[in-house]
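[1] Sequence plus the predicted model coming up.
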Amino acid sequence: MVSSSTSNIRIGIAGAGDNTRRRHIPGLRAVSGVEIVGVVNRTPESTSKVATEFGIPRQFPNWQALVADPAIDAIMIGTWPNLHCEVTCAALAAGKHVLCEARMARNLAEAKSMQAAALAHPDRVAMLVPSPLGLASDLEMLQLQHDRFIGELRELVVIGADDQFHDYSKVLHWRQDAEISGLNVLTLGIMHETALRWTPQPIRVFAQTHTFEPIRPNSTGSGNRPVTVPDSVQILTQMPGQARGIYHFSGIELHGPGKQIHLYGSSGTVKVFFGPQERILVGRVGDSGLRELTIPPEKQSGWRVEAEFIGAIRGVESVRRTDFTAGVQYMEFTEAVARSAKSGVPVDLPLL
């Protein structure tokens with residue numbers, strides 16, 4: 001750990017995609033005493049472009065050189081998921097703190113390797129970019145849980161269905177390439193991560209998947225390439241006790257329902273809708289219908305990922321959203337979904 005709460009912290013950026021440029025770089029710069037000193041992107045040209053755009057003084061030829069530089073204290077990993085494990089493990093071994101973009105990794109094995117590397121270097125901060133869904137409503141949801149608003153949980157419904165991949169003329173997206181994105185399908189990982197804040201991890205999953213258009217135009221050349229990540233997923237889950245869950249994900253639904261989480265209990269219902277503004281609708285036995293809760297400003301949590309990362313390095317706070325243990329938990333779920341869909345039979349959790 002950096003011992004002083006005012007120590008200067010020097011950040012290196014490995015991979016500067018949209019989320020890194022839009023959120024992480026501005027977020028890091030908003031914290032006093034933080035300096036972004038170097039960057040490397042996929043190509044020398046894109047590295048130069050990012051460095052020029054944000055005034056980053058040093059450009060590195062590859063991520064290995066960035067990680068090895070002794071003048072860098074912490075690494076922000078904004079690459080595609082296929083590099084998350086390798087860069088994370090190397091950075092921790094080099095004595096760097098790590099903030100890694102979600103999804104954690106391509107599969108559970110990689111996620112566990114990252115977790116093992118973090119446990120082997122307990123004096124280094126290892127943090128994942130959390131699901132942004134539910135951050136605004138989390139405190140209100142936890143209060144509802146504390147008050148036992150719904151009673152005993154009976155059913156969980158998790159929905160993430162839209163038309164992001166409905167246009168089959170668009171080139172293959174990296175999220176449709178399993179070699180890059182791994183087993184995490186559509187928004188399955190971030191939606192399950194959000195659900196885990198309010199419900200327990202399932203003990204059994206039974207899944208089916210389908211790809212309605214198996215080829216897409218090649219993004220880097222002529223011809224078509226195969227789509228290796230499904231665009232439609234349905235999952236049944238069993239949780240500890242009696243509760244059951246239904247998950248529905250799709251990237252090909254015109255006018256689909258978007259992202260929602262519903263909790264149905266013995267005495268009440270809570271529905272959370274994720275959009276430009278998060279909305280919580282609630283109703284209990286005897287109510288004529290659902291009513292919308294007004295979340296007081298003091299209960300509205302916001303995006304403070306970069307500030308939390310730096311605060312953890314300085315020893316003034318702990319990582320709350322999201323540590324590697326929580327990441328492994330949602331990666332285990334996505335792995336179980338993939339295994340069940342492939343085998344056609346239910347899969348028990350935790351995985352052996």
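    The structure has been received and is ready for your questions.
[2] for the helix or strand harbouring residue 143, packing partners?
    Residue 143 belongs to helix 138-146 when assigned by DSSP states H and E. Under the contact criterion of 3 or more C-beta pairs under 8 Å, 6 or more residues apart in numbering; DSSP states H and E, helix 138-146 touches strand 268-274, strand 279-284. Backbone N, C-alpha and C define where each C-beta goes, glycine included.
[3] got CSV for those strands, with mean pLDDT and distance to residue 135 too?
    Formatted as CSV, the entries for the helices and strands packed on helix 138-146 read as follows, by pLDDT from 0 to 100; distance: least, C-beta to C-beta, whole Å:
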stretch, mean pLDDT, distance to residue 135
strand 268-274, 98, 10
strand 279-284, 97, 13
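[4] Give me whichever of the ones you listed is most buried.
    Each of the helices and strands packed on helix 138-146 was scored by mean neighbour count; the highest is strand 268-274, a mean of 21, by mean count of other C-beta atoms under 10 Å.
[5] Ok, which of the helices and strands packed on helix 138-146 comes nearest residue 100?
    Closest of the helices and strands packed on helix 138-146 to residue 100 is strand 268-274, at 22.7 Å (criterion: C-beta to C-beta).
[6] contacts for that closest one?
    Strand 268-274 is contacted from outside by 133-134, 137, 141, 144, 149-151, 258-263, 278-285, 290, using C-beta atoms under 8 Å, 6 or more residues apart in numbering.
[7] orientation of it relative to helix 138-146 in degrees?
    Interaxial angle, strand 268-274 versus helix 138-146 (axes from the mean of the first three to the mean of the last three C-alpha atoms, to 10 degrees): 170 degrees.
[8] hmm, back to that, mind listing what's buried in the helix holding residue 143?
    For helix 138-146, the neighbour count (16 or more other C-beta atoms under 10 Å) marks 138, 140-141, 144-145 as buried.
[9] can I get these in CSV with pLDDT?
    CSV is the format used below for the buried residues of helix 138-146 (pLDDT from 0 to 100):
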residue, pLDDT
138, 93
140, 94
141, 95
144, 96
145, 95
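[10] Now do whatever helix or strand residue 326 lives in: which elements does it pack against?
    Here residue 326 sits within helix 324-343, counting by DSSP H and E. The contact analysis (3+ C-beta pairs under 8 Å, 6+ apart) places helix 324-343 against helix 108-120, strand 126-128, helix 188-196, strand 204-210, strand 232-238, strand 347-348.
[11] Apply 10 Å and report the result again.
    Taking 3 or more C-beta pairs under 10 Å, 6 or more residues apart in numbering; DSSP states H and E as contact, the helices and strands that helix 324-343 lies on are strand 97-100, helix 108-120, strand 126-128, helix 188-196, strand 204-210, strand 232-238, strand 244-250, strand 347-348.
[12] Who's the closest spatial neighbour of residue 89, skipping the chain neighbours?
    Spatial nearest neighbour of residue 89, excluding adjacent residues (C-beta to C-beta, 6 or more residues apart in numbering): residue 117 at 4.3 Å.
[13] Thought residue 95 was touching that neighbour, still the case?
    No - Residue 117 is not in contact with residue 95 according to C-beta atoms under 10 Å; the separation is 11.9 Å.
[14] so what are the domain limits for the chain?
    Using automatic domain parsing, the domain parsing of the chain gives 9-131+304-321, 152-265+332-348.
[15] got these as JSON lines, with mean neighbour count, mean pLDDT and distance to residue 295 columns?
    Shown next, in JSON lines, are the domains of the chain (neighbours: other C-beta atoms under 10 Å; pLDDT from 0 to 100; distance: least, C-beta to C-beta, whole Å):
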{"stretch": "domain 9-131+304-321", "mean neighbour count": "19", "mean pLDDT": "97", "distance to residue 295": "17"}
{"stretch": "domain 152-265+332-348", "mean neighbour count": "18", "mean pLDDT": "96", "distance to residue 295": "15"}
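[16] Pick out whichever of the buried residues of helix 138-146 sits closest to residue 201.
    Set against residue 201, the nearest of these by C-beta to C-beta is residue 145 (15.8 Å).
[17] quick one, what contacts the nearest residue to that closest one once chain neighbours are set aside?
    Leaving out its chain neighbours, the residue that sits closest to residue 145 by C-beta to C-beta, 6+ apart is residue 198, at 6.5 Å. By C-beta atoms under 10 Å, 6 or more residues apart in numbering, the contact list for residue 198 reads 134, 137-138, 141-142, 144-145, 153, 156, 261, 263, 270, 272.
[18] From the rest of the structure, what touches stretch 335-347?
    107-109, 111, 178, 182-185, 188-189, 192, 201-202, 204-210, 230, 233-238, 247, 249, 328, 333, 348-351.
[19] ok, now stretch 314-321?
    Identification of contacts with stretch 314-321 by C-beta under 10 Å, 6+ apart yields 1-7, 9, 31, 33, 99, 125-132, 134-135, 138, 193, 197, 301, 303-305, 307-313, 325-326.
[20] Show only the entries of these found in strands.
    The strands, defined by DSSP state E, take in 9, 99, 126-128 from the contacts of stretch 314-321.
[21] export the residues you listed to a markdown table and tack on distance to residue 338?
    A markdown table is the format used below for those (distance: C-beta to C-beta, whole Å):
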| residue | distance to residue 338 |
| --- | --- |
| 9 | 37 |
| 99 | 26 |
| 126 | 25 |
| 127 | 25 |
| 128 | 20 |
